[in-house]
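J.: Generate a structure from the sequence data that follows.
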Amino acid sequence: MRLFRRRGLGEPEKSQAIALVQHVQTIYAYQQLTMELYNDALLRAGIRSHGRELAHRTGIGQTTNADVERLVLPASQAKMGLVKRMTEIHGAFGRPTSPSLQPAYDDCSRFLESMRKRAEAQYASINEWLGNPAAAGFETLRLDNEERLALDKSIQTLNALIEASRLDPEAWSVLNCAAFNSVRSSQGLTPLTQQEFQERYFTGMAGGTARFFTQENS
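T.: Numbers count the residues shown, from 1 in each chain. Below you'll find the predicted structure:
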């Protein structure tokens, strides 16, 4: 991988790499959408896990069946639907024929698989909680670490491809903004300007709450 990064890419491989970069960034934008929708539902239902994996029925932080059925279950269903859509988009893009580009595509595929497993596990545990009055709570962070590790690996591989493509930070930011705006468009939202996108992006990078698809009080 070091040799690959040092020599860079030639044409038309570079053009194919840039298209792949924007595609993977679009997948990441969809992941951000699923996170905003699902986490907002948890908060509106009064669930603040902060490392704990259970939504409690009694005591401080009590969560009712009505809250879960009205807010969390639909968000979980929407998350599974979005992951399915992401997988379809990824499959339609197609695995590159160039060996230099395949690692970024394959690691994105593995990330999507980890997302699917986590979304299905969350949905199953929510339904189990709703169907069993004796259950103490449902898991909100199941498979969280596996998904995070898969995302980190995908980002690492994508960054190597960006470096090999000699894509400068400004050009990458434009591609990333376009990727997020394509997802906003799919949700009926108006596009962000480049400045708006960068402000939100750097807020997130600095450890703040960056929202690209939902309102603070949604």
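J.: lowest-pLDDT helix or strand in the chain?
T.: Counting by mean pLDDT, DSSP states H and E, the chain has its least confident helix or strand at helix 2-7, which shows a mean of 38.
J.: quick one: contacts for the most centrally placed residue in the chain?
T.: In the chain, the residue lying closest to the centroid (CA atoms, centre = their mean) is residue 31, at 1.7 Å. Neighbour list for residue 31: 86, 115, 151 [criterion: CB atoms under 8 Å, 6 or more residues apart in numbering]. C-beta: built from backbone N, CA, C; applies to glycine.
J.: Going by neighbour count, list what's buried in the helix ranked longest in the chain.
T.: Across the chain, the longest stretch assigned as helix under DSSP state H is helix 13-44. By neighbour count with 16 or more other CB atoms under 10 Å, helix 13-44 contains the buried residues 13, 16-18, 20-34, 36-42.
J.: Same question for stretch 199-218.
T.: Going by neighbour count (16+ other CB under 10 Å), the buried part of stretch 199-218 is 200, 201, 210, 212, 213, 214.
J.: that older thread, sort out for me which of the contacts of residue 31 are in helices.
T.: The helices, defined by DSSP H, take in 86, 115, 151 from these.
J.: Pull the distance from the longest helix of the chain to the chain's centre.
T.: Relative to the centre of its chain, helix 13-44 is centred 5 Å away, using CA atoms, centre = their mean, to the nearest Å.
J.: how about the helices of the protein, start to end?
T.: Along the chain, counting by DSSP H, helices occupy 2-7, 13-44, 65-67, 73-93, 102-131, 144-164, 169-186, 194-205.
J.: Compare these and say which comes out lowest on pLDDT.
T.: Among the helices of the chain, helix 2-7 has the lowest mean pLDDT, at a mean of 38.
J.: Give me the pLDDT value at the residue of the chain most remote from its centre.
T.: Here the chain reaches farthest from its C-alpha mean at residue 134, the gap being 32.9 Å by CA atoms, centre = their mean. With respect to pLDDT, residue 134 has a value of 72.
J.: Check the gap between it and residue 128 for me.
T.: For residue 134, the distance to residue 128 equals 11 Å [CB to CB, to the nearest Å].
J.: Name the nearest of the ones in helices among the contacts of residue 31 relative to residue 180.
T.: Closest approach between the ones in helices among the contacts of residue 31 and residue 180, by CB to CB: residue 86, at 13.9 Å.
J.: which residues sit in contact with that closest one?
T.: Counting by CB under 8 Å, 6+ apart, residue 86 touches 27, 30, 31, 112, 115.
J.: Just to check, residue 13 is in contact with residue 97?
T.: No - contact between residue 13 and residue 97 fails when scored by CB atoms under 8 Å: they sit 10.1 Å apart.
J.: that older thread, now the contacts of residue 31 in CSV, with distance to residue 122?
T.: What follows is those, written out as CSV (distance: CB to CB, whole Å):
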residue, distance to residue 122
86, 16
115, 11
151, 16
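J.: Pick the one among the residues you listed closest to residue 72.
T.: Using CB to CB, those come closest to residue 72 at residue 115, 17.6 Å.
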